[in-house]
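Engineer: Could you work out the structure for the sequence below:
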Amino acid sequence: MKGPIKKILVYVDGSEESINASMYAIALSKSTGASVTALYVINTRALNDLVKARIFLQEEEVEYHQDLEQDAERYLNHVRKLAEQKKVDIETISKSGTIHREIKAEIKEKEFDLLILGGVSSIRSRRDEFFNETDRAMRSVTCPVLVVRDEDLVWDIFESS
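Structural biologist: Predicted coordinates:
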């Protein structure tokens, strides 16, 4: 394949924005021939914080983690079906850990050329900036980042691809 984009990583967190990003990644893959991988990260940092704050008991953490694994599988299956609609091969990966670290590690390990994210939230305070994992990933990865915003435009692009 020619061109600067050969390997695309799209981060999926179950939000509507991340599904839009997935649709855009699939359409971009179809038009460029780049491979596309969807990554879902179960945020174990947040789970650990809930246990430390005594919001969850240890047993509840295990049960909640299992629920999150099921969510990951459901969202990745949805993205897989979107790719099948467009006859695009997609790899789906579910990991557990700190979101920005897992995204960075995946990019480094598999040498992705482009990270695609759903709309990034507006930062209201320094605390928001520190704790927003997707924003941290966007600011710290070594490859270009594309932030997908316009849902209607993405839908049109996806449908026409």
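Engineer: elements contacting the helix or strand where residue 71 lies?
Structural biologist: Assigned by DSSP states H and E, residue 71 belongs to helix 58-85. On a contact count with 3 or more CB pairs under 8 Å, 6 or more residues apart in numbering; DSSP states H and E, helix 58-85 meets helix 16-32, strand 35-43, helix 44-52, strand 90-97. The way it works is simple: take the backbone N, C-alpha and C, and place the C-beta from them, glycine included.
Engineer: Lowest average pLDDT across those?
Structural biologist: With a mean of 71, helix 44-52 has the lowest mean pLDDT of the helices and strands packed on helix 58-85.
Engineer: hang on, the earlier thing: now do the helix holding residue 71 and strand 90-97, the angle between them.
Structural biologist: Per axes from the mean of the first three to the mean of the last three CA atoms, to 10 degrees, the angle that helix 58-85 makes with strand 90-97 is 160 degrees.
Engineer: pLDDT (mean, whole number) over helix 58-85?
Structural biologist: Helix 58-85 comes out at a mean pLDDT of 90.
Engineer: Go through that helix and flag the buried ones.
Structural biologist: 61, 64, 68, 72, 75-76, 79-80, 82-83 (16 or more other CB atoms under 10 Å).
Engineer: before we move on, what about stretch 97-104?
Structural biologist: 98-104.
Engineer: just curious, which of those is nearest to residue 136?
Structural biologist: residue 100 (3.9 Å; CB to CB).
Engineer: I'd like the distance from that closest one to residue 150, if you could.
Structural biologist: 25 Å (CB to CB, to the nearest Å).
Engineer: now do residue 27
Structural biologist: For residue 27, the distance to residue 150 - CB to CB - is 13 Å.
Engineer: Please say which of these two ends up with more neighbours.
Structural biologist: Neighbour count, other CB atoms under 10 Å: between residue 27 and residue 150, residue 27 has more, with 21 against 12.
Engineer: Not counting residues beside it along the chain, what's closest to the more buried one?
Structural biologist: Using CB to CB, 6 or more residues apart in numbering and skipping residues adjacent in sequence, the residue nearest residue 27 is residue 161, 4.1 Å away.
Engineer: dump the residue contacts of the nearest residue to residue 92 once chain neighbours are set aside.
Structural biologist: Excluding its sequence neighbours, the residue lying closest to residue 92 (CB to CB, 6+ apart) is residue 76, at 4.1 Å. Neighbour list for residue 76: 12, 38, 40, 92-94 [criterion: CB atoms under 8 Å, 6 or more residues apart in numbering].
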